[in-house]
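A.B. asks: Got a predicted structure plus its sequence, pasted below:
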Amino acid sequence: MSKANIMTCDFEIKGKIPKEAFEMFAAAQAKVLGLRGYITQVSEECFKGQLQGEGRVIEAFKQMILSAAEYVAAVKEFVIKNLKAIDDYTYKTFEVKDKGAK
């Protein structure tokens, strides 16, 4: 009867990370975990986005990004902000957005 709480949060990843490879990696990991939302590069050393899913799955995504061998030296910081429960998803999937897209 009780469905898992859906959480939403904004996230920020900072570091000298190769754009295309990292965005594709993050999107693939999010999809494997069943997360929804998006990632976009906002500056040369910063990616931002939003995640929606179970809280423990959001934490698993963070740990996966921080421990990914090819990015472990590049990622300097992974910050989760505005974590809160929501009633339903507002994203259908996880996607990579272009810098100009809203």
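C.D. replies: It's in. Keep in mind that this is a model prediction, so the values were computed, not measured.
A.B. asks: And the contacts of the helix or strand harbouring Gly49?
C.D. replies: Under the criterion of DSSP states H and E, Gly49 resides in strand 46-53. Under the contact criterion CB atoms under 8 Å, 6 or more residues apart in numbering, strand 46-53 has outside partners 6-14, 17, 22-23, 26, 30, 33-42, 58, 61, 80, 86, 89-91, 97. To be clear about C-beta, it is placed using only N, CA and C from the backbone, and glycine gets the same treatment.
A.B. asks: mind listing the helices for the protein?
C.D. replies: Using DSSP state H, the helices of the chain run over 19-33, 55-67.
A.B. asks: what about stretch 20-35, average pLDDT?
C.D. replies: The average pLDDT within stretch 20-35 is 94.
A.B. asks: Which positions within it qualify as buried?
C.D. replies: Buried residues in stretch 20-35, defined by neighbour count with 16 or more other CB atoms under 10 Å: Phe22, Glu23, Phe25, Ala26, Ala27, Gln29, Ala30, Leu33, Leu35.
A.B. asks: Repeat that for stretch 44-60.
C.D. replies: Phe47, Lys48, Gly49, Gln50, Leu51, Gln52, Gly53, Glu54, Val57, Ile58, Ala60.
A.B. asks: ok, the first one to Ile86 distance?
C.D. replies: Phe47 sits 22 Å away from Ile86, going by CB to CB, to the nearest Å.
A.B. asks: Partner strands of the biggest strand by length in the chain and their direction?
C.D. replies: In the chain, assigned by DSSP state E, the strand with the most residues is strand 75-86. Sheet pairing of strand 75-86 (DSSP bridges) gives strand 6-15 (antiparallel).
A.B. asks: Can you check what angle separates the strand it pairs with from strand 46-53?
C.D. replies: 160 degrees (axes from the mean of the first three to the mean of the last three CA atoms, to 10 degrees).
A.B. asks: Which residues does strand 6-15 contact?
C.D. replies: Residues contacting strand 6-15 (CB under 8 Å, 6+ apart): 26, 37, 45-55, 58, 62, 65, 71, 74-90.
A.B. asks: go with 7 Å
C.D. replies: Contact partners of strand 6-15, identified using CB atoms under 7 Å, 6 or more residues apart in numbering, comprise 45-55, 58, 65, 74-86, 88-89.
A.B. asks: All set, thanks.
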